[in-house]
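1. Predicted model follows, preceded by the sequence.
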Amino acid sequence: MPRYAYRCKYCEHSFEKVHSMSEKLHDCPLCEVKDGLVRVPNKISKTTSKKKKVGDIVKQNIKDIKQEVKEEKEKMRKEEYKP
């Protein structure tokens, strides 16, 4: 799943959240204002893009996401199921 960055229009709280492409967050978790969030585009730093080819950056991002998914699966396996 992709990672999205959000910023609240009112309290300026910024955070990232991993969720499906069809989902979109609207309410700020900090100040709890309804429809206060704006999705912020993710940026690739200029120093990284100058040193590496685009394909290498994509491969690294895929590797990073796979690692995050693996860690999240391990975390979920350790949690107790509560129906």
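-> Received it, and whenever you're ready, just let me know what you need. Residues are numbered from 1 along each chain as shown.
2. now what about stretch 29-47, what contacts it?
-> Stretch 29-47 has contacts (CB atoms under 8 Å, 6 or more residues apart in numbering) with 3-11, 13-15, 24-28, 57. All C-beta spots, glycine's among them, are computed from the backbone N, C-alpha and C.
3. what distance separates the longest helix seen in the chain from the centre of its chain?
-> Under DSSP state H, the helix in the chain containing the largest number of residues is helix 54-78. In this view, helix 54-78 has its centroid 12 Å away from the chain centroid, taken as CA atoms, centre = their mean, to the nearest Å.
4. hang on, the earlier thing: which members of the contacts of stretch 29-47 are positioned in helices?
-> Per DSSP H, helices hold the following members of the contacts of stretch 29-47: Ile57.
5. Show me just the buried residues among the contacts of stretch 29-47.
-> 4, 6, 8, 13, 28 (16 or more other CB atoms under 10 Å).
6. Output those residues as CSV; include the columns distance to Lys34 and pLDDT.
-> What follows is these, written out as CSV (distance: CB to CB, whole Å; pLDDT from 0 to 100):
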residue, distance to Lys34, pLDDT
Tyr4, 19, 88
Tyr6, 14, 91
Cys8, 11, 92
His13, 14, 90
Cys28, 8, 90
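7. Now flag whichever of the residues you listed is closest to Met76.
-> Closest approach between the buried ones among the contacts of stretch 29-47 and Met76, by CB to CB: Tyr4, at 20.1 Å.
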